[in-house]
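**Student:** Coordinates for the following, if possible.
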Amino acid sequence: MPTLTWIGKEKVINHHHDVPYKVLNHRYSFNSHHPEQEATNKIIRGDNLEALKALLPEYEGKIKCIYIDPPYNTGKDEWMYNDKVDHPKIRKWLGQVVGKQDEDLTRHDKWLCMIYPRLVLLHKLLSEKGVIFISLDDNEVFHIKLLLNEIFGLSNYIGNIILETATDNNPRQISTEHEYILCYAKNKNKQNAWVSKSLAAEYIQSKYLEYKEKYGQDLVSIQANLRKWIRANKSSLEQVTHYDNVDHKGVYHDADVANTKFGGYVYDIVHPSTGKICKVPEKGFRFPLETMQRLIENDDILFGENEQILIKPKKRLENVTDRLRSVIYEDGRSATKELEQMFYRDVFRNPKSESVIRRLLSFSTSPDSIILDSFAGSGTTAHAVLNLNKQDGGNRKFILIEMEDYAETITAERVKRVINGYADKPGTGGSFSYYELGEPLFTGPNNEYLNEAVGIDKIKSYVWFTETRTAYRPIADQQEAFLGIHEQTAFYFIYNPNRLTALDFDTLGLVTVRAGQYIIYADNCLLPKDFLLHHHIVFKKIPRDISRL
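**Tutor:** Below is the predicted model:
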């Protein structure tokens, strides 16, 4: 498989191991019944590479969908490369705004060095059934596809969506009027076919119910008014404008009963009014007799005035599903106008479309999924999650990461306004917690010391995750040193910031649970090796034997 090489690649492919593990400090919760408690939705202020690593203990393998909108590297982004990679060429880039194509010959190298370790951590966070969507344009889309093939695997490529956003009237050879949304799976074999409820069909159904309430059993009036409304709103009813017939069961469209090629089913159908045999399509029926009889019994076959008119199956509106197509049109100005409506001024350049992200999520997530956006910007992804939950009654959770100063004033503020309502838009409800990146868990030139300032609970959480790869869930009223049991192994963390601890016969009194094996952390061990072996005890020295992510 072809791979991509660039300046600094050999130093960044494993850089995620060198990124310090930092704790997340909870600052406040919004719209929560208990503001001091942490909500399931999260907005994190801080460098996204460090924040992604901080999420590993709780979320590795748990994220169902990732959407990111990284810098497009157009030369107008004004982004800086600031990852602390120990490489002389890369150190020269720190703190420098990446320039335009002809001014900065290393701009693509810098961008690739920036995105690679982030993609590695995003891959770790995805669940086995998870997918990632990445918005880009021509500047880097062809480069990143090679990276994604390398990290996710070519076999896990799902597709490339063309997002048509604007009309370009500038004089040039080819007018570029689109962007891309690449999609990869963690494991494509675990992806089912993507179908979603059709919003357009729901609009028609809602209007039908309105007319039914008004006209009762007058099907002629209901159908006439519904058809008039569909014609007036056809631009927002793509793919379903032909659902314009009404009977006592609801809205339907009359489909084709004929087989697509010669050799279809041939049998007799009696016309209910004339009592004569109905006309058979030239290529035969597409359904077997049993299916046809069931459709007739359920009043899902439309008969003509006489037997010479081909019968037609009724395709019911409520059964309409939507598919994620490879070309989407979205007026690029609509997202900017929505933010202006929310903030009463222009606060963010080139925000993403909430409706497009909501559409992606409607196909790729389930009602209880966790969605991550590590280039959160104005907070569009959270907006989409909240709207989708309101739309289908789901309980999806979002995690946003934003490093810029506007993380609270724009990103979090937008989410607050979506929850509470703005302008003429009713609120979605919901809550979130706001975090900032805190101190590293380890200190010293070689990360050889525990940073006691982060607190014992965060240290325990980290130790539990490195041992079990699961999130730490403290048990109420449990013995202080006891972390829990996982797969017949009991874990103990005997630690005191004010003095050295030892695993000896006295501290063994702390071990009160029965397990097949015991892993016990302490500063020192005074028990004989044969005793440890006989009692299935594994001693681990603090902090030496605590794994580094």
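**Student:** Quick check, central residue of this structure?
**Tutor:** C65 (2.3 Å; Cα atoms, centre = their mean).
**Student:** shouldn't that one be in contact with G130?
**Tutor:** Yes: counting by Cβ atoms under 8 Å, C65 does reach G130; the two are 6.4 Å apart. For every residue, glycine as well, the C-beta is placed using N, CA and C.
**Student:** list residues touching both of these two?
**Tutor:** Counting by Cβ atoms under 8 Å, 6 or more residues apart in numbering, C65 and G130 have no contacts in common.
**Student:** Go through stretch 189-204 and flag the buried ones.
**Tutor:** By neighbour count on 16 or more other Cβ atoms under 10 Å, the buried set for stretch 189-204 is W194, S196, S198, L199, A200, A201, Y203, I204.
**Student:** Could you report the neighbour count for the nearest residue to the fourth one once chain neighbours are set aside?
**Tutor:** Taking Cβ to Cβ, 6 or more residues apart in numbering, and ignoring the residues beside it in sequence, L199 has D322 as its nearest neighbour in space, at 7.3 Å. A count of neighbours around D322, defined by other Cβ atoms under 10 Å, yields 19.
**Student:** so what are the domain limits for the protein?
**Tutor:** 9-195+324-438, 199-322, 449-541 (automatic domain parsing).
**Student:** Nearest to T3, out of these?
**Tutor:** Nearest to T3, of all those, is domain 9-195+324-438, at 5.7 Å by Cβ to Cβ.
**Student:** what's the average pLDDT for that closest one?
**Tutor:** For domain 9-195+324-438, mean pLDDT rounds to 88.
**Student:** First-to-last residue distance for it?
**Tutor:** 29 Å (Cα to Cα, to the nearest Å).
**Student:** Strands along the stretch 101-250 of the chain, start to end?
**Tutor:** 126-136, 157-164, 178-185, 196-197, 245-247, 250-254 (DSSP state E, counting those that start in this stretch).
**Student:** residue ranges of the helices in the stretch 401-549 of the chain, please?
**Tutor:** Under the criterion DSSP state H, counting those that start in this stretch, the stretch 401-549 of the chain contains helices at 406, 413-420, 456-468, 529-534.
**Student:** ranking the ones you listed by burial, who's on top?
**Tutor:** Mean neighbours per residue, mean count of other Cβ atoms under 10 Å, is largest over these for helix 413-420, with a mean of 21.
**Student:** Ok, which of the helices of the stretch 401-549 of the chain comes nearest S32?
**Tutor:** Closest among the helices of the stretch 401-549 of the chain, using Cβ to Cβ: helix 413-420, at 10.8 Å.
**Student:** List the buried residues of the lengthiest helix in the chain.
**Tutor:** When the chain is scanned for its longest helix (criterion: DSSP state H), the result is helix 107-125. Across helix 107-125, burial judged by 16+ other Cβ under 10 Å covers 107-125.
**Student:** re the thing from before, and which of the buried residues of stretch 189-204 is nearest G516?
**Tutor:** For the buried residues of stretch 189-204, the nearest to G516 is W194 (42.9 Å; Cβ to Cβ).
**Student:** Just the element for the nearest residue in space to the closest one that is not next to it in sequence, please.
**Tutor:** Distances taken as Cβ to Cβ, 6+ apart put F363 closest to W194, at 4.2 Å, once the chain neighbours are dropped. Using DSSP states H and E, F363 sits in helix 354-364.
**Student:** what's the following helix or strand past that helix in contact with?
**Tutor:** Elements were assigned by DSSP H and E; along the chain past helix 354-364, the next helix or strand is strand 370-373. By Cβ under 8 Å, 6+ apart, the surrounding residues in contact with strand 370-373 are 55, 59, 62-69, 122, 125, 361, 365, 381-382, 385, 396-401.
**Student:** Also stretch 440-449?
**Tutor:** Counting by Cβ under 8 Å, 6+ apart, 20-23, 450-451, 454, 458-459, 462, 543-544, 548 sit against stretch 440-449.
**Student:** For L339, give its distance to I371.
**Tutor:** 20 Å (Cβ to Cβ, to the nearest Å).
**Student:** higher neighbour count, those two?
**Tutor:** The neighbour count for L339 versus I371, taken as other Cβ under 10 Å, is higher for I371 (26 against 21).
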